[in-house]
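*Asks:* Generate coordinates for the sequence data below:
(one chain, ligands or ions: 1)
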Amino acid sequence: MHCWFCSVRDTDEAHALHLEMYGDVDAKKTSSETKIAYNVRHVDVPRCADCHSRHVIAFYALILAGIMALALVAAVLVAMFTDLPSWVWGLWAGLAAGLLLGALAIRFLILKGINSIHQARTQFPDIVELLDKCYRFGRRPKGPIPESDQPCDQQDTPGPDSNSPS
Ligand SMILES: [Zn+2]
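*Replies:* Okay, here's the model as predicted:
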């Protein structure tokens, strides 16, 4: 079996992408308590060791990019609201911008030619099937108690009238 992400190398059991999805949520309210029933499905997307390490690097590159974006914003705030000499925040902003672009470039290059995890979460056939059944990512319903999945039916029928940008 080939890795789903690169379609080139053989899949490696130990490096598959494990995702959990829950759905078929059914909340039954009684006077004293709410019982929630739902199903959890495990999806394994076949992946090779190489794609796994690329995904790890891409993940950290994204985190670095996020931190640098914050540092850039901080440099702008410092420039506007403090009396620090301009070379301080200038250097700061330059470094942050450089590392931000570098991290994004690394992410772009490392994911070039292979599918991203985001693509797996939206395009892997088993997942698409579950998404159509209103399954969501995660192990259990989070936050406010979800309603039953009834109102979710609209997702199943993306008819020709859905004005999706193409
Ligand atoms: Zn691969």
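*Asks:* any idea how far the most centrally placed residue in the chain is from Phe137?
*Replies:* Centrality entry for the chain: nearest residue to the mean C-alpha point is His118, 5.2 Å, by Cα atoms, centre = their mean. Distance, His118 to Phe137, by Cβ to Cβ, to the nearest Å: 11 Å. The way it works is simple: take the backbone N, C-alpha and C, and place the C-beta from them, glycine included.
*Asks:* go on, Ala74?
*Replies:* Ala74 is 32 Å from Phe137, by Cβ to Cβ.
*Asks:* follow-up on the earlier one: and the gap between the residue nearest to the centre of the chain and the ion?
*Replies:* 16 Å (Cβ to the ion, to the nearest Å).
*Asks:* Report the secondary structure element holding that residue.
*Replies:* helix 117-123 (DSSP states H and E).
*Asks:* Show me what that helix is packed up against.
*Replies:* Packed against helix 117-123 by the contact rule (3 or more Cβ pairs under 8 Å, 6 or more residues apart in numbering; DSSP states H and E) you find strand 17-29, helix 125-132.
*Asks:* Which among those is found nearest to Asp44?
*Replies:* strand 17-29 (5.8 Å; Cβ to Cβ).
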